[in-house]
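[1] Give me a model of this one.
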Amino acid sequence: MNYRRSCRPVGIGEGLRTKVNANIGTSPDRASLKAEMAKLRAAVDAGADTVMDLSTGGNIPGIRKAILDAAAVPVGTVPLYEAAFQARRRGKSFVQLSAREMMNVVEEHCAGGVDFITVHCGITQRAFETLKRARRLTGVVSRGGSMLLEWMKRNEAENPLYEYYDDLLAIARKYRVCLSLGDGLRPGSIHDAGDEAQLSELKAIGELVERARRAGVMAIVEGPGHVPLDQIEANVKLEKTTCHNAPFYVLGPLVTDVACGHDHITSAIGGALASFYGADFLCYVTPSEHLGLPDADDVREGVIASRIAAHAGDIARGDRRAAAWDDRVSRSRAGLDWQGMIDASLDPAHARRVFKARVSRTQDVCTMCGEFCAMKKSKIVLGS
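    Residues are numbered from 1 along each chain as shown. Just a heads-up that it's a prediction; the model follows:
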């Protein structure tokens with residue numbers, strides 16, 4: 001990734017622990033730099049490995065620069081969002097932009113220090129035709145994907161990010177930026193998972209991964225979306241096969257559509273399985289998913305949920321470092337060393353607040369069992 005002085009590099013891929021990304025950014029209705037900086041702090045403090053600025057309103061360049069200046073983790077963006085914003089400010093619509101105007105915004109982001117960018121290059125005319133035949137409940141849920149489809153229909157032309165992919169690769173190589181090949185046709189509901197449109201886009205992305213590697217450009221592949229439990233393994237294995245074992249970056253995945261207000265939990269369930277089966281990078285989901293723009297508290301909850309999922313997947317994959325972490329917590333728990341257990345936990349600040357609110361009058365046990373503490377009795381029984 002493009003190295004900024006304030007940024008620590010992050011490795012994503014086979015043999016490494018599963019990483020977590022947090023999306024922040026404004027909307028046309030809510031655009032506050034102060035709020036975005038609070039979200040950034042919440043994400044990093046909660047342990048996010050990367051953040052993405054998905055701003056679509058306000059002073060987008062200023063917000064992006066402030067995030068880049070403050071972030072100690074890699075930062076990603078979706079340049080097409082700003083391209084659409086710039087077009088609107090000039091009295092144009094996104095469909096009136098030329099391919100060169102889009103590429104200019106991509107280069108602005110890369111030259112400004114962004115580490116990775118999402119580009120929806122796999123939405124080809126062939127994939128568009130499969131989408132037209134699909135009987136989807138939720139259509140296209142990717143903002144970037146829907147924007148490009150509208151552009152392609154209005155201009156009766158191929159996706160400019162696909163047609164001019166070599167130009168995109170040249171920009172990425174020049175600034176050492178990683179391409180996150182976006183899943184513009186990802187399923188937005190359980191009903192739509194695994195349909196022909198999703199798979200057609202994935203096939204195109206597989207070809208684009210090969211071209212990126214030949215050009216000396218890093219690329220990761222974004223994945224679904226809404227996926228039932230029984231399809232997660234197949235989705236991960238298909239991506240690894242089709243995309244030549246490129247790092248897989250999954251949104252969630254969400255395993256049911258009914259958990260409005262609790263989709264960080266839905267996402268964590270799917271994320272744990274995806275990590276176990278070989279996904280490399282989890283994009284968090286917050287409690288406000290499908291409901292509204294997240295605030296700093298939502299961001300924190302989303303990061304923690306995804307970190308739990310990532311860690312659970314790492315344990316199941318046999319990561320010795322992950323297992324050793326659990327052992328440290330368990331040794332403290334067995335020794336009734338509450339402070340040691342809390343300090344070694346994934347979210348010490350929250351664990352400490354819970355413990356203090358429920359502290360026992362007998363300091364060597366918690367208020368769940370009190371004098372009937374099973375571990376305390378087992379030490380007596382077992383003589384340990």
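[2] partner residues bridging the residue nearest to A48 when sequence neighbours are not counted?
    Nearest residue to A48, sequence neighbours excluded (Cβ to Cβ, 6 or more residues apart in numbering): A22, at 4.0 Å. Any C-beta I mention is one placed from the backbone N, CA and C, and that applies to glycine too. Legend: beta-bridge partners of A22 under DSSP bridges are V51.
[3] What is the burial count for A22?
    Neighbourhood size, A22 [other Cβ atoms under 10 Å]: 26.
[4] and the gap between it and D319?
    22 Å (Cβ to Cβ, to the nearest Å).
[5] which other helices and strands contact the host helix or strand of D69?
    Using DSSP states H and E, D69 maps to helix 60-70. When contacts are defined as 3 or more Cβ pairs under 8 Å, 6 or more residues apart in numbering; DSSP states H and E, helix 60-70 sits against helix 33-45, strand 50-53, strand 75-77, helix 79-89.
[6] okay if I get those as TSV plus distance to C178 and mean pLDDT?
    Formatted as TSV, these follow (distance: least, Cβ to Cβ, whole Å; pLDDT from 0 to 100):
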stretch	distance to C178	mean pLDDT
helix 33-45	19	98
strand 50-53	10	98
strand 75-77	8	98
helix 79-89	14	95
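[7] Off-centre distance for stretch 280-300?
    Here stretch 280-300 is found 10 Å from its chain centre; the criterion is Cα atoms, centre = their mean, to the nearest Å.
[8] Just the endpoints, please. Distance across that stretch?
    With Cα to Cα, to the nearest Å as the measure, the first residue of stretch 280-300 is 21 Å from its last.
[9] in that stretch, what's buried?
    Counting neighbours by 16 or more other Cβ atoms under 10 Å, one finds that the buried residues in stretch 280-300 are 280-289, 293-296, 298-300.
[10] what do you get for stretch 88-107?
    Buried-residue list, stretch 88-107, by 16+ other Cβ under 10 Å: F94, L97, A99, E101, M102, M103, V105, V106, E107.
[11] show me what contacts the nearest residue to the third one once chain neighbours are set aside?
    Which is A99. Spatial nearest neighbour of A99, excluding adjacent residues (Cβ to Cβ, 6+ apart): P160 at 3.6 Å. P160 sits next to S98, A99, M102, M103, L148, W151 when contact means Cβ atoms under 8 Å, 6 or more residues apart in numbering.
[12] how about CSV for the helices and strands packed on helix 60-70, with distance to V329 added?
    Formatted as CSV, these follow (distance: least, Cβ to Cβ, whole Å):
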stretch, distance to V329
helix 33-45, 20
strand 50-53, 25
strand 75-77, 31
helix 79-89, 40
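[13] just so I know, which of those lies nearest D257?
    Comparing these against D257 with Cβ to Cβ, the closest turns out to be strand 50-53 (23.5 Å).
[14] which secondary structure elements does that closest one contact?
    Where contact means 3+ Cβ pairs under 8 Å, 6+ apart, strand 50-53 is packed against strand 19-24, helix 33-45, helix 60-70, strand 75-77.
[15] wait, which of the ones you listed is closest to L168?
    Of the helices and strands packed on strand 50-53, nearest to L168 by Cβ to Cβ is strand 75-77, at 14.1 Å.
[16] Adjacent strands (with direction) for the closest one?
    In its sheet, and by DSSP bridges, strand 75-77 pairs with strand 50-53 (parallel), strand 116-119 (parallel).
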